[in-house]
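# Quick one, fold the following:
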Amino acid sequence: MAYDVVVGVDTSEASRRAVELACRWHGSGLIRAVLLVHVVPWSPFSFQTPQDNELQHVHREQEKDAAREQVLQPLADLARKFDVEPELIVRHGDGVHVLEEIAGEREDRMIIVGRTGDSGLRERLFGGLPAHLVKSSGVPVVVVP
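Here you go, the predicted structure:
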């Protein structure tokens, strides 16, 4: 069985290793499609001024563009070295929920993430995204050291 794999990425070395693993598996026929996903943290419960509300859409699009350029493009270039053309996705929200949502949109899917991300202190204090995914996901989750 071949899977569509959702690879949750940030700027960490662990994310790079997660992309490499997905690409190697792709070459073996285990992976049908590689989706590189970066989640920009965002909460609908933040307090905003009327001016913030007017500019919110513009700021969110600027954040997405920056994430594509600074996070996803370098990892997409890495994937292409393995002859893999990944799908690139940037969304705002909670990382766990967004990755589960995207995985839920696919049939025969799994999630791959690095064990540690680029927000190390927060993860040590509150538990990281990989641990939360393993606890809550309805699809297989692979955590890369």
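# Mind listing what's buried along stretch 75-87?
Residues of stretch 75-87 classed as buried by neighbour count (16 or more other CB atoms under 10 Å): 75-76, 78-79, 82, 84, 86. The way it works is simple: take the backbone N, C-alpha and C, and place the C-beta from them, glycine included.
# again, but for stretch 94-113
95-96, 98-100, 102-103, 106, 109-113.
# Outside of that stretch itself, list whatever touches it.
By CB atoms under 8 Å, 6 or more residues apart in numbering, the list of residues contacting stretch 94-113 from outside reads 1-8, 14-15, 18, 21-22, 32-33, 35, 37, 39, 41, 43, 89, 91, 129-130, 132-133, 136-144.
# Show me what Leu35 bridges to in the sheet.
Note on Leu35: beta-bridge partners by DSSP bridges are Val6, Glu87.
# Find the least confident helix or strand in this protein, judged by mean pLDDT.
For the chain, counting by mean pLDDT, DSSP states H and E, helix 120-126 ranks last in confidence among helices and strands (a mean of 45).
# Give me the helices and strands touching the next helix or strand after it, please.
Once helix 120-126 ends, the next helix or strand along the chain (criterion: DSSP states H and E) is helix 129-136. In terms of contacts (3 or more CB pairs under 8 Å, 6 or more residues apart in numbering; DSSP states H and E), helix 129-136 is packed against helix 95-104, strand 109-114, strand 141-144.
# got the CA positions of helix 129-136 in CSV?
Output of helix 129-136 as CSV, limited to C-alpha atoms (Å, rounded to 0.1, in the frame of the first residue of the first chain):
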residue,chain,number,x,y,z
LEU,A,129,3.7,18.8,18.6
PRO,A,130,5.0,15.3,17.9
ALA,A,131,3.8,14.1,21.3
HIS,A,132,0.4,15.6,20.8
LEU,A,133,0.1,14.1,17.3
VAL,A,134,1.0,10.7,18.6
LYS,A,135,-1.7,11.0,21.3
SER,A,136,-4.5,12.3,19.2
